[in-house]
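Asker: Here is my input; please provide its structure:
(chains A, B and C)
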Amino acid sequence: MIIQIAKDILITCGISAFLAFILTLAQKYLNNYGICKIDINGKRSIDVEGGSSLLNSLTDKQVFLPSACGGRGSCGTCKCKVVSGGGPVLPTEKPFLSSTELSNGIRLSCQVKIKSDIRIDIPEAIFNIRKYRAVVHEILDYTYDIKGITFKMIEPGQIDFKTGQYVQLETKPYGKVKQKTVRAYSISSKPQEKDRVQLIIRLVPEGICTTWVHNHLQVGDEVNITGPYGDFYLRDTKADIIFVAGGSGKAPIKSMLEDLQVVGTTRKMTYFFGARDVKDLYLTEEMYAYEKVFDDFKYEPVLSHCSPECQWDGKRGYVMPYFKDAIIDPKNTEAYLCGSPGMINAVTKGLKELGVPADKIYFDSFG
Amino acid sequence: MTISSFVLFWAAIFTSNILLTNFLGMCSFLSVSKEVESSFGLGVAVFFVLTITTGLNYLVYHLILVPLGLVYLQFIIFIIVIAAFVQLLELVIERYAPALYYSLGIYLPLITVNCAIFGVSLFMVIRNYSFVQSISFGAGSGIGWLLAILMLSGIRSKLKEKLVPVGLQGAGISLIITGIMALAFIGFSGIVNVQ
Amino acid sequence: MKETPQESKIIARMQAGVITLNGFLGSDTRHLHEIIAEDAKVLSALGTSQSEIADRMQYFSDASFESYDTPVFIEDNYEVETDVVRGKLPCPFSHAGLYRKTLTTLHNRANGISVRWTALSIHMIREHGFFEGIGSPFRLDPQKLYKALFT
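Answerer: Numbers count the residues shown, from 1 in each chain, chains lettered A, B, ... in the order given. Purely as a prediction, here's the structure:
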């Protein structure tokens, strides 16, 4: 009796085991795509193990395509041109691609699975982007809601960037936040200091990253940073410069000024720092100090929301009315703006009215 | 059973259509029939699963279960065979037809518990079909299921949903259409009766 | 109650720490369906619609778009200010599209009510009828919002 039951059970298990064995073999064969070659721009070729997404395979080989959602298919930032070998366009990609993009072979790299050799075209700037392990070196309190954090790079130990570029900072899980997120911040330190970057971060209501930075990050903590990204940079010309940036927008301007102090310049520069109130001002002394460093630099803080009683005898209102005193030769003036799209719209209008050419107005409108 | 396999094949498509006569396999039939393309894909997948698992289950039943006195375990063994085969089919579709894989979504693995598939294997046992009869019956049922889902998805894609009363939109009108199709298929029943 | 896999995915994206710090559901124990259904009842009792409210919110956001750092006075009664920070957020309802992190604060001088919303809030109200769960820091109570926007 027992033997009978044991035999029956054994045979049932035997059948299941046999089927499981067949499935394991099938899995190994069907899910094994072997080594596939990714040909980049016709110049560089990397070998990866097939089966992963294009985005992840490239990231594993230190080629970082931008991605805001970490490859989950919800942001559409990881677009890249697939010349051949990408397979059919998947329904998960279609909502993000226009018909022009589709006809040009643009795909969402997080959805393209590498199953065979593939040829892609990506902008050259991507090759300079790396993932860095860094440690918090210094935290400065600039205002009630703005901190300046300096990160020292550990691995790789050096970063190459142009003033005006930004990096992506990866948050670690904390409190209610169970997954990591990635947020972008402009670099505020000079590129000559290759072993570190400083970021100026303002606390945003309900912000996952800024809350983490302001409430949890300590000196000595390790973080992951990817970058540098962005094409907002100082053009190497002799034209006069108008800088306009308020709040945390001061970051790229600070980077540009520190860099200019090292390389030297005779250009005429004016920096309009728009803020609401006295408590929003920071690095004021450092900015005024530049007036002595450069031949022709003026720092113009302008407060918009300052009550008549507050201790401020500087400029008030918006920055636009003060432009005409600062612009001598509009056709030979460049403007660098960093801030919200609304501010950039308003300031651009003001500058164009004074005769500054539209193609000489450069801005970083928060992406 | 002395019915020829050829007759069995045609009967399984028309007079004993697994879905319209026996009402087996309705769940994914109703959900996936919104689009003709994915309906065709799912129908073909169900056809493969039905044909091959009926054959496999015949072999398992007559070569292992009966000689070893394990007939009482037929339910669990049939289900394991069906599940393993669907798993294999999913791996193949994911590799060779990724667009189909994504458009079917969860309904591909749900073929495992499609009652039509288990039902056909059980019919094969109850009616004591031979191997060739089992394969014909399985294949015919598969084509019958494919035919039914293609018809419903074709009708649904042409249906102007706005003309349907709000309470009947979606599942309601689909069931009514299915019922009417079943009524039409009763017209075939005079040709041959196999059950 | 029966929940489709898509709904489970949407509710998972509404949890704290996934898209925003405190999520979109707050401490609300009701299901997403109920939250939307009950707010919809309030809207029809008020005689308005999702799109009417969303259009009005968009109107104020657009009017205050260029006035950074200082509020704008609209129709002599509404003090509106819009602030933007870098970055974009996806919608928890899991379709394509990213929304700027625009924060508009409106103060109604006549009845003293203040409300604040984001570009994502306008989209969620217009397309999904979703005003967020009770206890969420950005929940907009339809009644209060209506009074602030229209009276």
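
Asker: Dihedrals phi and psi, A:Ala335?
Answerer: Backbone torsions of A:Ala335, given as degrees, to the nearest 10, read phi -120, psi 140.

Asker: Also A:Val182?
Answerer: According to degrees, to the nearest 10, A:Val182 has phi -130, psi 130.

Asker: So what's the residue count around it?
Answerer: 19 (other C-beta atoms under 10 Å in any protein chain shown). All C-beta spots, glycine's among them, are computed from the backbone N, C-alpha and C.

Asker: For beta bridges, what are the partners of it?
Answerer: Beta bridges link A:Val182 to A:Glu170, judged by DSSP bridges.

Asker: tell me the contacts of it?
Answerer: Neighbour list for A:Val182: A:67-68, A:70, A:168-171, A:226 [criterion: C-beta atoms under 8 Å, 6 or more residues apart in numbering or on different chains].

Asker: if you set the cut-off to 10 Å instead, what comes out?
Answerer: A:Val182 makes contact with A:66-70, A:168-171, A:208-209, A:224-226, C:87 under the criterion C-beta atoms under 10 Å, 6 or more residues apart in numbering or on different chains.

Asker: Quick check: of the residues you listed, which lies closest to chain B?
Answerer: Within the contacts of A:Val182, proximity to chain B (C-beta to the nearest C-beta) peaks at A:Cys69, which comes in at 18.1 Å.

Asker: and the gap between the closest one and A:Val213?
Answerer: Per C-beta to C-beta, to the nearest Å, A:Cys69 is found 20 Å from A:Val213.

Asker: When these two are compared, which one has more neighbours?
Answerer: More crowded of A:Cys69 and A:Val213, by other C-beta under 10 Å: A:Val213, with 22 against 17.

Asker: Please give me every residue in contact with the residue of the stretch 51-200 of chain A found nearest chain B.
Answerer: Per C-beta to the nearest C-beta, A:Pro88 is where the stretch 51-200 of chain A lies closest to chain B, at 4.7 Å. Taking C-beta under 10 Å, 6+ apart, we find A:Pro88 in contact with B:97-100, B:102.

Asker: among those residues, which are in helices?
Answerer: Those of the contacts of A:Pro88 mapping onto helices are B:98-100, B:102, per DSSP state H.

Asker: secondary structure class for the spatially most central residue of chain C?
Answerer: Nearest residue to the geometric centre of chain C (C-alpha atoms, centre = their mean): C:Ser121, 2.9 Å. Of the three states, C:Ser121 takes helix according to DSSP: H, G, I helix; E, B strand; the rest coil.

Asker: That one contacts C:Ala54, correct?
Answerer: Yes. In this structure, C:Ser121 is within contact of C:Ala54 by C-beta atoms under 10 Å, at 8.9 Å.

Asker: contacting residues for residue 93?
Answerer: Just going to use chain A. A:73, A:76, A:79, A:86, A:101-102, A:106-112, B:102, C:96.

Asker: Chain C was what I was after
Answerer: Contacts of C:Phe93 by C-beta under 10 Å, 6+ apart are C:6-7, C:9-10, C:13-14, C:32, C:123-124, C:127-128, C:130.

Asker: how about a cut-off of 7 Å?
Answerer: Listed by C-beta atoms under 7 Å, 6 or more residues apart in numbering or on different chains, the contact partners of C:Phe93 are C:10, C:128.

Asker: Check it and give its pLDDT.
Answerer: pLDDT for C:Phe93: 88.

Asker: and what of C:Thr4?
Answerer: According to the prediction, C:Thr4 has pLDDT 69.

Asker: now swap in B:Ile64 and tell me
Answerer: In this prediction, B:Ile64 carries a pLDDT score of 90.

Asker: Need the three-state assignment for it.
Answerer: helix.

Asker: That one - how many residues pack around it?
Answerer: 16.

Asker: how far does the helix or strand hosting A:Val347 sit from the chain's center?
Answerer: In this assignment (DSSP states H and E), A:Val347 forms part of helix A:341-353. Distance of helix A:341-353 from its chain centroid, counting by C-alpha atoms, centre = their mean, to the nearest Å, is 24 Å.

Asker: got the contact list for it?
Answerer: Under C-beta under 7 Å, 6+ apart, the answer for helix A:341-353 is A:244, A:319-320, A:323, A:335, A:337, A:358, A:361, A:363, A:365-366, C:65-66, C:68, C:82, C:84.

Asker: cutoff 8 Å now
Answerer: Applying C-beta under 8 Å, 6+ apart, the contact partners of helix A:341-353 are A:242, A:244, A:246, A:274, A:318-320, A:323, A:335, A:337, A:358, A:361, A:363, A:365-366, C:64-69, C:82, C:84, C:100.

Asker: per-residue pLDDT, the closest residue to B:Phe185 other than its chain neighbours?
Answerer: Leaving out its chain neighbours, the residue that sits closest to B:Phe185 by C-beta to C-beta, 6 or more residues apart in numbering or on different chains is B:Leu20, at 4.6 Å. The score at B:Leu20 is 91. That number is its pLDDT.

Asker: again, but for B:Arg95
Answerer: Note on B:Arg95: pLDDT of 84.

Asker: Same check on the one 3 residues further on?
Answerer: According to the prediction, B:Pro98 has pLDDT 81.

Asker: and it, how many neighbours does it have?
Answerer: Neighbourhood size, B:Pro98 [other C-beta under 10 Å]: 17.

Asker: list the contacts for it?
Answerer: A:87-88, A:90, A:113.

Asker: closest to A:Gly34 among those residues?
Answerer: If you rank the contacts of B:Pro98 by distance to A:Gly34 using C-beta to C-beta, A:Lys113 comes first, at 13.5 Å.

Asker: May I have the phi/psi pair for the closest residue to that closest one other than its chain neighbours?
Answerer: Once flanking residues are discounted, A:Lys113 sits nearest to A:Ser53: 6.0 Å by C-beta to C-beta, 6+ apart. For A:Ser53, the backbone dihedrals (degrees, to the nearest 10) come out as phi -70, psi 160.

Asker: thought A:Ser53 was touching A:Val112?
Answerer: Yes. With contact defined as C-beta atoms under 8 Å, A:Ser53 counts as touching A:Val112 (6.3 Å).

Asker: okay, the two: which has more neighbours?
Answerer: A:Val112 (24 against 18).

Asker: returning to that earlier point: for chain A, see how far away the residue nearest to the centre of chain C is.
Answerer: Look at C:Ser121 and chain A: by C-beta to the nearest C-beta, to the nearest Å, they are 12 Å apart.

Asker: ok, so what distance separates that residue from C:Tyr146?
Answerer: C:Ser121 is 14 Å from C:Tyr146, where distance means C-beta to C-beta.

Asker: Equivalent analysis for A:Leu234, please.
Answerer: Using C-beta to C-beta, one obtains 49 Å as the distance from A:Leu234 to C:Tyr146.
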